[in-house]
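J.: The sequence isn't on hand, but the structure is:
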């Protein structure tokens, strides 16, 4: 750590030691959380269900790398609409991609349902005309639609929106199947597209990563939110027993594991985690996500500093105006990243950050506390994240495999990967490595593009299985001929 711990006044040192106790998660606790996580994954697959939804996705195989053809992918995110055309080539596990981004206008996110679907159809029409010329002469192109909002899927070509997230709030869509709305807008414009699969970005991450790496078994997102997907056997999914699928049939499961431990049985919540939950739009939900996802890390940090200013013997930032620090959600995880990345002994970049963003001038010891707090919150997030990965590995008896991870926290937060790997080693009792460069038995790697390439591959896999006569989870077989 920058600076020297010995120079910190005794009472601030006490506060740092208290924070270390509060935010540290030891090996025994990691193992306890992981064991409970395995039980909760099982419960989510049962007929009764549990906190973790464990949604079957009707993606029923991994790619083999020999898929071919041209497919469209549409990714409807919170800020952009991305349209891709992906050509799976004759070379094993290779693809060509062309893509365009269109801004998602803010007013559409709270407007009328029809306006949203018309705009999306418009963007798709523009894309096709740009890359293919006259749309009327085209055969219908198969499309994989990445719809990363909580949705119920009884079929791969439907999605019943459970609730809007990411700032959307359009009346008359929650509780409805979004596919007919989307298809009606395409039909009105004569856009030559047939929807082959509606997917979640996490499932796409799993499939895209498995296309280029045959050791991939789990796909994860560690970003603004968190999630994972993996391949289960139908025989281990009691809630699908009524489908009478052969027990060894593969089925990708979209865990939606942000909801793990909503009952607050094992996660080591601090008073600050409890405030975040209480003040959130949906108290009692997404307990795991609220401790590890990018959206909340800056807020945990902010609440801790406000408490240290207001309620402790040592008033940090004493005599300064902390009104900017009192605003909820003003700091995001990138703020913590910058603190952890400060290379200077005297933490001068952290000082500048606090001055520019919050109008505060922390002294030397306060800077040390700030740095340590950022490290503690970032480390806790990475270590808790590893419990989810370890739980799937234990449930499936994976001794060795690759995990494809995506999301801003995984890709950009300093030391997140190393801290997660260390936690996996502790949970799964791996021996020390002889060669520091050797792979871990379970290695978490940067994933392939799930919402583009993954969506196109899932469209391809769905067409392929329909041709082979597997119509499980297909609502409109006529769209696949």
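T.: Great, that's in hand. All figures in this text were calculated on a predicted structure; none of them were measured in a lab.
J.: Point to the helix or strand of this protein where mean pLDDT is at its lowest.
T.: strand 151-152 (a mean of 87; mean pLDDT, DSSP states H and E).
J.: Tell me the helices and strands packed up against it.
T.: strand 160-161 (3 or more Cβ pairs under 8 Å, 6 or more residues apart in numbering; DSSP states H and E). To be clear about C-beta, it is placed using only N, CA and C from the backbone, and glycine gets the same treatment.
J.: Let me know the next secondary structure element after the strand it packs on.
T.: Helices and strands here follow DSSP states H and E; after strand 160-161, the next one along the chain is helix 178-189.
J.: Beyond that next one, next helix or strand please.
T.: strand 193-199.
J.: how far off helix 178-189 does that next one point, in degrees?
T.: If you take axes from the mean of the first three to the mean of the last three Cα atoms, to 10 degrees, strand 193-199 sits at 160 degrees to helix 178-189.
J.: in terms of contact, does residue 215 touch residue 403 like I think?
T.: No: applying Cβ atoms under 8 Å as the test, residue 215 and residue 403 come out as separate, 9.5 Å apart.
J.: who's more crowded, the two?
T.: More crowded of residue 215 and residue 403, by other Cβ atoms under 10 Å: residue 403, with 25 against 16.
J.: The more buried one and residue 103, how far apart?
T.: To residue 103, residue 403 is 33 Å away according to Cβ to Cβ, to the nearest Å.
J.: Please apply the same query to residue 467.
T.: Counting by Cβ to Cβ, the gap from residue 467 to residue 103 is 37 Å.
J.: Where does pLDDT dip in this protein?
T.: Along the chain, the parts satisfying pLDDT under 70 run over 1-8, 10, 135.
J.: Can you give me the neighbour number for residue 264?
T.: 12.
J.: ok, now which ones touch the residue lying closest to it once chain neighbours are set aside?
T.: Distances taken as Cβ to Cβ, 6 or more residues apart in numbering place residue 287 nearest to residue 264, at 6.4 Å, with adjacent residues excluded. Counting by Cβ atoms under 8 Å, 6 or more residues apart in numbering, residue 287 makes contact with 259, 260, 261, 262, 264, 267, 269, 277.
J.: Please, a ChimeraX command that selects the buried ones among the residues you listed?
T.: Restricted to buried positions by 16 or more other Cβ atoms under 10 Å, the ChimeraX selection for the contacts of residue 287 reads:
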select :259,260,261,262,267,269,277
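J.: Wait, residue 351 touches residue 364, no?
T.: No: between residue 351 and residue 364 there is no contact under Cβ under 8 Å: 9.2 Å.
J.: who's more crowded, these two?
T.: Shown here are residue 351 and residue 364; by other Cβ under 10 Å, residue 351 has more neighbours (20 against 14).
J.: what sits up against the helix or strand that contains that one?
T.: Here residue 351 sits within helix 348-358, counting by DSSP H and E. With Cβ under 8 Å, 6+ apart as the test, helix 348-358 has contacts from 322, 324-325, 330-331, 335, 338-339, 341-343, 360-362, 367, 370-371.
J.: Apply the buried test to those and list what passes.
T.: Buried, going by 16+ other Cβ under 10 Å: 322, 325, 331, 335, 338, 339, 342, 360, 362, 367, 370, 371, out of the contacts of helix 348-358.
J.: residue contacts, residue 336?
T.: 297, 298, 301, 374, 377, 378, 413.
J.: So the first one is in contact with residue 378, correct?
T.: Translated: residue 297. Yes: look at residue 297 against residue 378 with Cβ under 8 Å: they come within range, at 6.9 Å.
J.: that older thread, so which of the buried ones among the contacts of helix 348-358 comes closest to residue 20?
T.: Nearest to residue 20 among those: residue 371, at 12.8 Å, using Cβ to Cβ.
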